[in-house]
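Asker: fold the stuff below for me.
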Amino acid sequence: MRSSTPSQPAGAPAPGAVPETVRDSVTDPPPQAPPNTARARQAAAAANETETRGEHFRRKALRGRLHGYGIAAVALVAMLIALAASNTGQVNVHWLIGSSRVSLVWLVLAAAILGWALGLMASARFHWRTRAPRRRSAGRS
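Answerer: Residues are numbered from 1 along each chain as shown. The predicted structure is shown next:
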């Protein structure tokens, strides 16, 4: 005698079981909001073509510093002019060999320029002596 049981393909779910219909991976993380960092805010502002509050403050602060430097430069030039006008008298300068008479303003100006140049050279020398070691690139031999 032959039984009439329905044949099911191999690998089919058991009768009464609900087959899995979800095809997406369960391990995918949920989408996250972008980080709230300065770079992310700048990128968002550039995309919107707007200026953030921090960028606005930085721009205004830079402008204020530049105005301060300009005022300081004008004040320094005014002080140098006043120094030159008040020190026009002649002074004796004794060198290792001999002596000479020069205007005091030129003596002060020459000493200031010499000190500035020596300071630049010393700063460059200290920077060169204390710089970080250079990396050797793989392409060079």
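Asker: domains of this structure?
Answerer: Using automatic domain parsing, the domain parsing of the chain gives 37-86, 88-130.
Asker: tell me the average confidence for the longest one?
Answerer: Mean pLDDT, computed over domain 37-86, is 81.
Asker: use 6 as the first number from now on
Answerer: All right, first residue 6 from here; so that's domain 42-91.
Asker: dump the domains of the chain to a markdown table, plus distance to Arg141.
Answerer: Placement of C-beta: from N, CA and C, glycine included. Below are the domains of the chain laid out as a markdown table (distance: least, C-beta to C-beta, whole Å):
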| stretch | distance to Arg141 |
| --- | --- |
| domain 42-91 | 31 |
| domain 93-135 | 19 |
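Asker: export the ones you listed as a markdown table, with columns for mean neighbour count.
Answerer: A markdown table is the format used below for the domains of the chain (neighbours: other C-beta atoms under 10 Å):
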| stretch | mean neighbour count |
| --- | --- |
| domain 42-91 | 11 |
| domain 93-135 | 10 |
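Asker: what is the rounded mean pLDDT of the host helix or strand of Ala117?
Answerer: Using DSSP states H and E, Ala117 falls within helix 109-134. The pLDDT scores in helix 109-134 average 90.
Asker: which residue ranges of the protein form strands?
Answerer: 95-99, 104-108 (DSSP state E).
Asker: direction included, what does the last one pair against?
Answerer: Within its sheet, and counting by DSSP bridges, strand 104-108 is paired with strand 95-99 (antiparallel).
Asker: what angle separates the partner strand from helix 109-134?
Answerer: 50 degrees (axes from the mean of the first three to the mean of the last three C-alpha atoms, to 10 degrees).
Asker: now the strands of the chain in TSV, with distance to His61?
Answerer: As requested, the strands of the chain are exported to TSV (distance: least, C-beta to C-beta, whole Å):
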stretch	distance to His61
strand 95-99	54
strand 104-108	51
